[in-house]
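J.: Here's my sequence, what's the structure:
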Amino acid sequence: MVELTITEWWNAFSSTEQIFWGIAIIFSTFFLIQFGLSVFGLDFDTDADFEASDGGYSLDPSFTLLSVRSIIAFFAFFGWTGVMMLGRGANISLVMLASIGSGLVAMLVVAYLMYFFHRLAEEGNADLQELLFRDGTVYLTIPGHRQGKGKIHVTLNSSLREMDAVTEGEELPNGHSVKIVEIVEENVLVVEPVEIFEGNTSSS
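T.: Prediction:
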């Protein structure tokens, strides 16, 4: 059995096949790198919203067709489609048409998924705003003066949730009734004892 070196394998392709293989390998590598970064919370993406004459590719403020992810998806599918079709002996016109088509489908799918997850995140944030000025119960002692986080139980959308919480005042022990007065970064709730909150309200 004759084993080919990478150079011999590469040189066995025509220049057109080499172009499609190169695109497929490069952009698949980008995809794997981006996927790896997202797993470790280091994901990146830059939306490129192109508009012309008051028109453009954006369907809504949170839907962007052209982004790093969607462009990578386009070229990865473009390249692999070309590789497969050239391997089957298809003519270059058909290869280009199919490659561009599969790339556009991939781009649309990725753009829609990004839009879908963005809307889910927005809905989640909107739900949390409904917690303002609701009562909750301390589940895990909340250190005083924002020196650390505790946890409270609160009802949202008819279900009991456990949320991180901090307080400006004194330490709040387990079982204490609190009022949610603010929502800060990372969905942390700022709470006050119910009696203090009600006292401040009546005095004002």
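
J.: what is the rounded mean pLDDT of the strand or helix carrying G101?
T.: According to DSSP states H and E, G101 maps onto helix 92-129. Mean per-residue pLDDT for helix 92-129: 83.

J.: Can you name every helix or strand that that helix contacts?
T.: helix 15-39, helix 68-87 (3 or more CB pairs under 8 Å, 6 or more residues apart in numbering; DSSP states H and E). C-beta: built from backbone N, CA, C; applies to glycine.

J.: If we use 10 Å, what do you get?
T.: Helix 92-129 is packed against helix 15-39, helix 68-87, strand 159-167, strand 177-184, with contacts defined by 3 or more CB pairs under 10 Å, 6 or more residues apart in numbering; DSSP states H and E.

J.: what would those look like in JSON lines with mean pLDDT and mean neighbour count?
T.: JSON lines is the format used below for these (pLDDT from 0 to 100; neighbours: other CB atoms under 10 Å):
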{"stretch": "helix 15-39", "mean pLDDT": "88", "mean neighbour count": "15"}
{"stretch": "helix 68-87", "mean pLDDT": "93", "mean neighbour count": "21"}
{"stretch": "strand 159-167", "mean pLDDT": "89", "mean neighbour count": "17"}
{"stretch": "strand 177-184", "mean pLDDT": "92", "mean neighbour count": "17"}
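
J.: for those, which one sits closest to I6?
T.: helix 15-39 (11.6 Å; CB to CB).

J.: Which strands and helices lie in contact with that closest one?
T.: Using 3+ CB pairs under 10 Å, 6+ apart, helix 15-39 sits against helix 6-11, helix 68-87, helix 92-129.

J.: tell me the mean pLDDT for the shortest one?
T.: When pLDDT is averaged along helix 6-11, the result is 85.

J.: Summarise which helices and strands that helix is packed against.
T.: helix 15-39.

J.: starting at the chain centroid, how far to the helix holding G101?
T.: 12 Å (CA atoms, centre = their mean, to the nearest Å).
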